[in-house]
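In: please work out how this folds:
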Amino acid sequence: MSQPIYLTQEGLNKLQEELHYLKATKRGEVAERIKEARGHGDLSENSEYDAACEERAMVEARISTLEEQLKYAQVVDHNDLKSDIVQVGSVVRVLDYEFNEEIEYSIVGMTESDPSKNKISDQSPVGKTLLGKKAGDTVVVTAPGGEFTYKILEIALPQ
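Out: So this is what the prediction gives:
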């Protein structure tokens, strides 16, 4: 991972809080469970010990992932956003030609995407296609579900 990971300040704060919690609290809790499980005797047939070790591995993997993401994090300053071009942080209203319906997407960094809330990653097929485009442009998105044609109706700044 050497590309910047775009985040809002809120998204950066969430990642930092999660990392702090995992390092300061969760690691200690898991270490304590491992210690208790060791006290129950034979480790080769100790499911509590195995589960605690698995949890430790998951916690350490998540810590590693968060540290890597924070290493390349770049906070999107809403004051630097323009409303004439789609960029990370933009709110884009498009017309889906196939269904003749308007959809509003917020373009966010990959760690903040939430498709159920129409927050799409700049790395998603739709996000990648919209980046750099202007209101009035028509784009064809190639995605796993097929091709979709959108007309960009409006580009706005987040509220």
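In: what's around the closest residue to residue 154 other than its chain neighbours, how many residues?
Out: Leaving aside its sequence neighbours, residue 154 sits nearest to residue 93 (C-beta to C-beta, 6 or more residues apart in numbering; 4.3 Å). Every residue, glycine included, has its C-beta placed from N, CA and C. When neighbours are counted by other C-beta atoms under 10 Å, residue 93 registers 16.
In: next one: the one 4 residues further on
Out: By other C-beta under 10 Å, the residues close to residue 97 number 13.
In: next: residue 64.
Out: For residue 64, using other C-beta under 10 Å, the count is 10.
In: SS state for it?
Out: helix (DSSP: H, G, I helix; E, B strand; the rest coil).
In: over to residue 158?
Out: coil.
In: hang on, the earlier thing: helix or strand for the residue nearest to residue 154, which one?
Out: Residue 93 belongs to strand 91-96 when assigned by DSSP states H and E.
In: helix or strand right after that strand?
Out: Next along the chain after strand 91-96, taking DSSP H and E as the criterion, comes strand 101-108.
In: how far does that next one sit from the chain's center?
Out: 16 Å (C-alpha atoms, centre = their mean, to the nearest Å).
In: circling back to that earlier point, check which helices and strands the strand holding residue 93 is in contact with.
Out: On a contact count with 3 or more C-beta pairs under 8 Å, 6 or more residues apart in numbering; DSSP states H and E, strand 91-96 meets strand 101-108, strand 146-156.
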